[in-house]
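Asker: I need the structure of the sequence given here:
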Amino acid sequence: MKVGTDGVLLGVWTPLPDSVFSILDIGTGTGLVALLLAQRSSAQQIDALEIDEDAYEQAVENFEESPWNDRLFCYHAGLDEFTDEIEDRYDLIVCNPPYFKPNNLIDDKARSKARFYDILPFEELMKGASVLLAQNGIFSVIIPFEEEKHFLELARNESLFPLKITRVKGTPTTKIKRSLIAFSKKTKEGEATENTLVLELERHHYTPEFAAMVKDFYLRM
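Answerer: Below is the predicted model of the structure:
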């Protein structure tokens, strides 16, 4: 799968306190978000989960060939299996979850597995993240904007509350397309900071805000 804007946004936007020691990337695909976080941080333990065998093998290869291979490790497992077996609690958990509903057909089986909502329902994701997250940890996601209200309700049920919400628009005149949300067990309801991020002023003419976020990760920007 190609590098996608959603994954890049999650990797560069996610809050990353200096105290973060351990990171978990749920559904890492080919490892993009985990690699971005490895570049951004000095976290000593960066684990990733991937259930698709081909994507898992590609993530392992990408991790091994990266400058941060001593800190990156990928598990070939689903979230439910991992949650049952792992006792670790993570300072930071990130996920770029599947978001297409099953009736939106995609021909390529691997791409459909990565993008279909029923592979990792939001309810399962939220419960797993709540279990695996350290008491002072942060759980960060990117989801479709139309799912934001539902996702916030699921988080509330698990005693997770937003500390930061950024809503993403492609251009100044288009509708909001994505929501970046960082959750915490310590945040009180209503304390979240909220803003809007516009990616482009026009085709391939990026806004200064977006360019500043990604300049350390793109060869050309």
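Asker: CA only for contacts and neighbour counts going forward, please
Answerer: Will do.
Asker: what's the following helix or strand after the helix or strand of the chain with the lowest mean pLDDT?
Answerer: In the chain, no helix or strand scores lower on mean pLDDT, DSSP states H and E than helix 109-115, which sits at a mean of 45. Per DSSP states H and E, the first helix or strand lying C-terminal to helix 109-115 is helix 122-132.
Asker: Please enumerate residues in contact with that next one?
Answerer: Outside helix 122-132, the residues within contact range by C-alpha atoms under 8 Å, 6 or more residues apart in numbering are 79-80, 83, 87-90, 93, 97, 139, 151, 154-155, 158, 160.
Asker: Then stretch 78-86?
Answerer: For stretch 78-86, the external contacting residues (C-alpha under 8 Å, 6+ apart) are Ile26, Leu49, Glu50, Ile51, Glu124, Leu125, Gly128, Val131, Leu132.
Asker: Flag every buried residue along that stretch.
Answerer: Gly78, Leu79, Thr83 (16 or more other C-alpha atoms under 10 Å).
Asker: What is the three-state secondary structure of the last one?
Answerer: Same thing as Thr83. Following DSSP: H, G, I helix; E, B strand; the rest coil, Thr83 is assigned to helix.
Asker: do the same with Asn195
Answerer: At Asn195 the chain is in strand, as set by three-state DSSP.
Asker: Show the contacting residues for it.
Answerer: Residues in contact with Asn195 (C-alpha under 8 Å, 6+ apart) are Ile165, Thr166, Arg167.
Asker: hang on, the last one packs against Leu197?
Answerer: Yes - Arg167 sits in contact with Leu197 when judged by C-alpha atoms under 8 Å, with a separation of 6.1 Å.
Asker: re the thing from before, export the contacts of Asn195 to a markdown table and tack on neighbour count, distance to Trp68 and pLDDT?
Answerer: Formatted as a markdown table, the contacts of Asn195 follow (neighbours: other C-alpha atoms under 10 Å; distance: C-alpha to C-alpha, whole Å; pLDDT from 0 to 100):
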| residue | neighbour count | distance to Trp68 | pLDDT |
| --- | --- | --- | --- |
| Ile165 | 20 | 29 | 98 |
| Thr166 | 17 | 28 | 98 |
| Arg167 | 20 | 31 | 98 |
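Asker: still on that earlier bit, mind picking the two most distant members of the contacts of stretch 78-86?
Answerer: Of all pairs drawn from the contacts of stretch 78-86, the one with the longest distance (C-alpha to C-alpha) is Ile51 and Val131, at 19.1 Å.
Asker: counting contacts, what elements does the strand or helix carrying Leu154 pack onto?
Answerer: Using DSSP H and E, Leu154 sits within helix 148-157. Using 3 or more C-alpha pairs under 8 Å, 6 or more residues apart in numbering; DSSP states H and E, the elements in contact with helix 148-157 are helix 122-132, strand 161-169.
Asker: Tell me which of those lies nearest to Ala55.
Answerer: Using C-alpha to C-alpha, the helices and strands packed on helix 148-157 put helix 122-132 closest to Ala55, at 19.2 Å.
Asker: next SSE after that closest one?
Answerer: Sequence-wise, the next helix or strand downstream of helix 122-132 (DSSP H and E) is strand 133-144.
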